[in-house]
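K.L.:
The sequence and its predicted three-dimensional model are supplied below.
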Amino acid sequence: MMRDTAHLGGLFLSVVIGALVASGCERRGSSGGEFGELVKLADRYGTDKASWKHKFAELYEHFFAPLRYSTKRVFEIGVLQGQSLKMLRDYFPNAIVYGIDIEDTASLNSERIKTFVADQSDRKQLQAFLDFSGGEAFDIIIDDGGHAMHQQQISFGFLLPHLRPGGYYIIEDLHSSMIEGSYGVGPDRTTTTLAMVNRFIRTGKIESIYMSPAELAHLNAELEYCALMSRNRGRSITAVFKKKISRAAHANAQ
């Protein structure tokens, strides 16, 4: 049963939405091209990030537009029929888009889409995927996988070291944290992924029973901020984490 999100960051949701969406999709992206192209691609391919479902694409474009032509490696957990992978491939023309799923989706493989069979909650299988992908850091990682608490948090802890400084790690469908009795959600919901995100927003600290001490230490040292957002009155919730840019990397960019 879905619950009211007011006690889980509803005010923060409203603030972020207002800041990101008030300008609408009429402006141009900072790297050229009409702002709103990601939304058009999401609608074209029928991904649930589109305007007919979760509306995540219109939120993500505010983060992605400045990176559109510089992004080289994108990784998404959860493939299904490849709708989102195709959207990302077309939006980032210079990127290779990787996807993992527990089902074999090799029929989607092409020059710029690469898939791999892996369980997102199994660190050994995630490492096998990283080896397959060449081991270089990703610009963007999106978790649209199984949505269970252990899956989301294990993947986050294990994969953040493989996100480049300044990159984005996105955890979708955090409304699964509000469905008691499913997805590993207990009665008090203190160990849910949404609770973890809200705790980080309040305190700047990640806590998780599913992560190792080393994983927690890396997240707490390397995360810059989290934007927690919804476009469907709390029925579709996503979190965008940004990884800090190291001092050395920032100096080299000057």
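P.N.:
Nice, thanks for sending it over.
K.L.:
Show me the strands in the chain, by range?
P.N.:
73-77, 96-101, 113-117, 138-143, 163-171, 223-230, 237-243 (DSSP state E).
K.L.:
Rounded mean pLDDT for the last one, please.
P.N.:
Averaged across strand 237-243, pLDDT comes to 97.
K.L.:
partner strands of that strand, parallel or antiparallel?
P.N.:
With DSSP bridges as the test, strand 237-243 is paired with strand 163-171 (antiparallel), strand 223-230 (antiparallel).
K.L.:
distance between the last one and the chain's centre?
P.N.:
Computed by C-alpha atoms, centre = their mean, to the nearest Å, the separation of strand 223-230 from the middle of its chain amounts to 10 Å.
K.L.:
Adding mean neighbour count, mean pLDDT and distance to residue 45, write the strands paired with strand 237-243 out as CSV.
P.N.:
C-beta: built from backbone N, CA, C; applies to glycine. Compiled in CSV, the strands paired with strand 237-243 are given as follows (neighbours: other C-beta atoms under 10 Å; pLDDT from 0 to 100; distance: least, C-beta to C-beta, whole Å):
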stretch, mean neighbour count, mean pLDDT, distance to residue 45
strand 163-171, 21, 98, 18
strand 223-230, 20, 95, 21
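K.L.:
can you put those in a markdown table and add distance to residue 68?
P.N.:
Below are those laid out as a markdown table (distance: least, C-beta to C-beta, whole Å):
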| stretch | distance to residue 68 |
| --- | --- |
| strand 163-171 | 13 |
| strand 223-230 | 19 |
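K.L.:
Could you dump the strands of the chain into TSV and include distance to residue 209?
P.N.:
Shown next, in TSV, are the strands of the chain (distance: least, C-beta to C-beta, whole Å):
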stretch	distance to residue 209
strand 73-77	20
strand 96-101	24
strand 113-117	27
strand 138-143	18
strand 163-171	16
strand 223-230	18
strand 237-243	18
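K.L.:
between these, which gets nearest to residue 50?
P.N.:
Of all the strands of the chain, it is strand 237-243 that lies closest to residue 50, at 13.5 Å by C-beta to C-beta.
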